[in-house]
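Student: how would this look folded up:
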Amino acid sequence: MSGTLRKILVLGASGLIGRFVTDDLRIRGFETIGVARKLSASQRVNASDLELPIMSMASVELARLLRDRAIDVVVNCLGVLQDGPGSDTRAVHRDFVERLLQAIRDSGRTIRLIHVSIPGEAKEDHTAFATTKREAERLIAASGISYAILRPGLVIAPNAYGGSAMVRALAAFPFDLPAEGAATPFQPVAAEDIAETIAWLASRGEATAVAWDLIQPRKISLGGVIDQFRFAFGTANWTRIRMPTFLLDFGAKLGDLASCLGWMPPMRSTAIAELRRGIIGDPHPWIAATGIVPKNIAEMVGRRSATIQDKWFARLFLIKALVIASLVMFWVASGFIALVISFPATKAILASHGFPRWLVAPFAAVTSLMDIGVGVLTAFRRTCAIGLVAGILVSLGYMAGTAILTPDLWLEPLGALVKTGPAIVLMGVALLTLDNR
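Tutor: Down below sits the predicted model:
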């Protein structure tokens, strides 16, 4: 099949769909180049995976890339959920597609564009995420090039990211979504079915202009999807507590706040809005055209029992955010208390242990500011790893320094220094689970 076509460029090759599609196409024998703004260390295993500033490339540069690499098919998997630092829905979904279409026309090659979008109707688009996705669809439809717009539902893949990771996490804990949210139609699709569809399109030379919903035919609710993962995790028979709606909305606001710090939590205002909208569509045109029989949710999840790494990931996914937040509050609060609220007491402790009087205040201020600095570094996604390593080193320094200069503090009744050891371990756990991909 791959002998009849072609050389494929996958944009967004570090994401959930893009990564799976890139690897799958290579297994099928297609010559595939994966491009992403940044690849994780584990994704840099093939010389054909490239890190390029794709979002900042002009149409002329994109055309040169397509021409120089002799590309026949472009698969666009780029997307962001919500506006924030480093994320601009209009720039990614609409403006980039406009440049890409111009690049395809200017490349001098006959190129088919396979564009990954979202299901639903335009009249139901109420978020920047959805409206900009739909604007891109209109640009593609009016471009005159050969194209296929694919609208996958909730993507179930061996890997987990974003919404699919959140579904796994909910299945691992004894909590239920609010009744209204659990009943929302939420049709999934297997990543294998997306990849098979792209391979089917790439193997055909005739021009196409199609838009397909890629979802399982049988309707299912979000609660039903989560229940399938519960069966796999062995948590189906647990007694569960139903979350109130306000708690879900509060979690979304916290997610929005975290996104301002560079994090990309799956629970944000846009995610909750899209959750309440649901995922529905008509997969029959896709099935009729390709002959692909979509997997149902039981086949997607139930092909094998959940492994220990599946269970650990699901349990730690939500706990990870709690760990990071608690460490940030721990460091900022400890520094603030020592510097502002209890500064005289802090100086008195140092003075009573023989510190020179001229050194007491500067030393107390510097160490307090150092604690606050560790907390601030840990709060921002870009500097979190630096903050965690700094926190471990500072904690070890405190433990060693007090052992030498003030060993009696180790015998303090409340055991403050003894508790530093578990804090170091917790920072190590946060550091080890920091990867998102």
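Student: and residue 97, what element?
Tutor: helix 96-106 (DSSP states H and E).
Student: strands paired with the next helix-or-strand element following that helix, and their directions?
Tutor: Counting by DSSP H and E, the next helix or strand C-terminal to helix 96-106 is strand 112-116. Note on strand 112-116: by DSSP bridges, its sheet partners are strand 73-76 (parallel), strand 146-152 (parallel).
Student: contacts for strand 112-116?
Tutor: For strand 112-116, contacts defined as C-beta atoms under 8 Å, 6 or more residues apart in numbering pick out 17, 72-77, 79, 97, 100-101, 104, 136-137, 140, 145-150, 152, 194, 198, 201-202, 207-208. All C-beta atoms are positioned from the backbone trio N, CA, C, and that covers glycine.
Student: can you find the helix or strand of this protein with the lowest average pLDDT?
Tutor: helix 343-352 (a mean of 80; mean pLDDT, DSSP states H and E).
Student: after that one, which helix or strand is next?
Tutor: helix 357-379.
Student: list the buried residues of that next one.
Tutor: 360, 364-365, 367-368, 370-379 (16 or more other C-beta atoms under 10 Å).
Student: and those residues, which is the shakiest by pLDDT?
Tutor: Among the buried residues of helix 357-379, residue 360 carries the lowest pLDDT, at 80.
Student: my read is that that one contacts residue 352, right?
Tutor: No: look at residue 360 against residue 352 with C-beta atoms under 8 Å: they stay out of range, at 9.9 Å.
Student: in this structure, which spans are strands?
Tutor: Taking DSSP state E as the criterion, the chain contains strands spanning 7-11, 31-36, 49-51, 73-76, 112-116, 146-152, 154-156, 175-176, 188-190, 209-214, 241-242.
Student: dump those strands to JSON lines, plus mean neighbour count and distance to residue 405.
Tutor: As requested, the strands of the chain are arranged in JSON lines below (neighbours: other C-beta atoms under 10 Å; distance: least, C-beta to C-beta, whole Å):
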{"stretch": "strand 7-11", "mean neighbour count": "24", "distance to residue 405": "57"}
{"stretch": "strand 31-36", "mean neighbour count": "23", "distance to residue 405": "50"}
{"stretch": "strand 49-51", "mean neighbour count": "17", "distance to residue 405": "48"}
{"stretch": "strand 73-76", "mean neighbour count": "26", "distance to residue 405": "60"}
{"stretch": "strand 112-116", "mean neighbour count": "23", "distance to residue 405": "60"}
{"stretch": "strand 146-152", "mean neighbour count": "23", "distance to residue 405": "61"}
{"stretch": "strand 154-156", "mean neighbour count": "24", "distance to residue 405": "56"}
{"stretch": "strand 175-176", "mean neighbour count": "16", "distance to residue 405": "48"}
{"stretch": "strand 188-190", "mean neighbour count": "27", "distance to residue 405": "60"}
{"stretch": "strand 209-214", "mean neighbour count": "19", "distance to residue 405": "65"}
{"stretch": "strand 241-242", "mean neighbour count": "10", "distance to residue 405": "49"}
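Student: so which of those is nearest residue 226?
Tutor: Among those, the nearest to residue 226 by C-beta to C-beta is strand 175-176 (8.3 Å).
Student: can you name every helix or strand that the closest one contacts?
Tutor: For strand 175-176, the elements it packs on are strand 241-242, judged by 3 or more C-beta pairs under 8 Å, 6 or more residues apart in numbering; DSSP states H and E.
Student: let me know the pLDDT of the residue nearest to residue 211 when sequence neighbours are not counted.
Tutor: Nearest residue to residue 211, sequence neighbours excluded (C-beta to C-beta, 6 or more residues apart in numbering): residue 149, at 4.0 Å. On the pLDDT scale, residue 149 is placed at 97.
Student: again with residue 4
Tutor: At residue 4, pLDDT is 51.
Student: in the lengthiest helix in the chain, what's buried?
Tutor: When the chain is parsed with DSSP state H, its longest helix is helix 308-336. Buried residues in helix 308-336, counted by 16+ other C-beta under 10 Å: 310-311, 313-314, 316-318, 320-321, 323-324, 327-328, 330-332, 334-336.
Student: angle of that helix against helix 357-379?
Tutor: With axes from the mean of the first three to the mean of the last three C-alpha atoms, to 10 degrees defining the directions, helix 308-336 sits at 150 degrees from helix 357-379.
Student: counting contacts, what elements does helix 308-336 pack onto?
Tutor: helix 163-172, helix 222-233, helix 357-379, helix 384-405, helix 420-432.
Student: mind putting the ones you listed in CSV, distance to residue 269 included?
Tutor: As requested, the helices and strands packed on helix 308-336 are arranged in CSV below (distance: least, C-beta to C-beta, whole Å):
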stretch, distance to residue 269
helix 163-172, 14
helix 222-233, 17
helix 357-379, 20
helix 384-405, 23
helix 420-432, 26
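Student: low pLDDT regions in this protein?
Tutor: Within the chain, the stretches with pLDDT under 70 are 1-5, 303-304, 353, 410, 413-416.
Student: per the record, what domains does it have?
Tutor: Domains of the chain are assigned by automatic domain parsing as 7-306, 322-432.
Student: and these, which is most packed in?
Tutor: domain 7-306 (a mean of 18; mean count of other C-beta atoms under 10 Å).
Student: now stretch 342-357: how far from the chain's centre is it?
Tutor: Counting by C-alpha atoms, centre = their mean, to the nearest Å, stretch 342-357 is centred 46 Å from the centre of its parent chain.
Student: return the distance of the spatially closest residue to residue 370 that is not a sequence neighbour relative to residue 156.
Tutor: Ranked by C-beta to C-beta, 6+ apart and with sequence neighbours excluded, the top spatial neighbour of residue 370 is residue 394, at 6.3 Å. Going from residue 394 to residue 156 by C-beta to C-beta, to the nearest Å gives 42 Å.
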